[in-house]
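S.K.: Quick one: sequence plus predicted model below, questions after.
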Amino acid sequence: MRAFVLVAALAACTAEPVKQDPPPATTQTAETAANDVQSALAQMPSWDGARAAGVDFRAVGQEPGWIVDVYTQNRILLLLDYGETLIELPRAEPTYPVEGTTRYETQGGGHTASITVRRAPCEDAMSGEPYPSTVEVVIDGRTLQGCGRSV
């Protein structure tokens, strides 16, 4: 009987476990997003190393920031939305619809892209850096304007 009373008394005195709320999802999402952006950026070679990595042509644009690398063989990498979206597509053979214009039309992984390079001077909207080509990227119906050059 004493054991029962002791167990009952201890049970009555034991506090309920404190429930801790999980950390806010935005904190984890922001950290994860930052890691994802860094990982995506790491897949894009620097301007100095782009040719050695097989990049033939690079285009850049702003608002939102983006980079497109057209490789000499096999692929095109598109890094969009300030690094939040990385899309790899097969490199299609270019067409030349108008003199001074090169176009790549490709699709894969549920994405469709058209990259049009025009030999016309262009100035980066943010840095003011001059480029020899104006570039239009249409990815999944979304149009991006920027500048580019051979690397």
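M.R.: Cool, got the structure. Just so you know, these numbers come straight off a predicted model, no measurement behind them.
S.K.: Wasn't Tyr82 part of a strand?
M.R.: No - secondary structure assignment places Tyr82 outside any strand; it is helix (DSSP: H, G, I helix; E, B strand; the rest coil).
S.K.: Leaving out the residues flanking it, which one is nearest to it?
M.R.: In space, and not counting its chain neighbours, Tyr82 is closest to Gly65: 4.6 Å by CB to CB, 6 or more residues apart in numbering. Heads up, the C-betas are built off the backbone N, CA and C, glycines and all.
S.K.: who touches that neighbour in this structure?
M.R.: Under the criterion of CB atoms under 8 Å, 6 or more residues apart in numbering, the contact partners of Gly65 comprise 81-83.
S.K.: So which residue is smack in the middle of this protein?
M.R.: The C-alpha lying nearest the average C-alpha coordinate of the chain belongs to Thr85 (CA atoms, centre = their mean; 2.9 Å).
S.K.: partner residues bridging that residue?
M.R.: Beta-bridge pairing of Thr85 under DSSP bridges involves Leu80.
S.K.: Do I have it right that Met126 meets Pro64?
M.R.: No - using CB atoms under 8 Å, Met126 and Pro64 do not qualify as a contacting pair, with a distance of 11.5 Å.
S.K.: now the nearest residue to Asp140 once chain neighbours are set aside: how far from Cys147?
M.R.: The spatially closest residue to Asp140, leaving aside those adjacent along the chain, is His111, at 5.7 Å (CB to CB, 6+ apart). Using CB to CB, to the nearest Å, one obtains 22 Å as the distance from His111 to Cys147.
S.K.: If you count surrounding residues, which of the two has more?
M.R.: For His111 against Cys147, the residue with the higher neighbour count under other CB atoms under 10 Å is Cys147, and the figures read 24 against 14.
S.K.: I'd like to know how far that one sits from Arg75.
M.R.: To Arg75, Cys147 is 21 Å away according to CB to CB.
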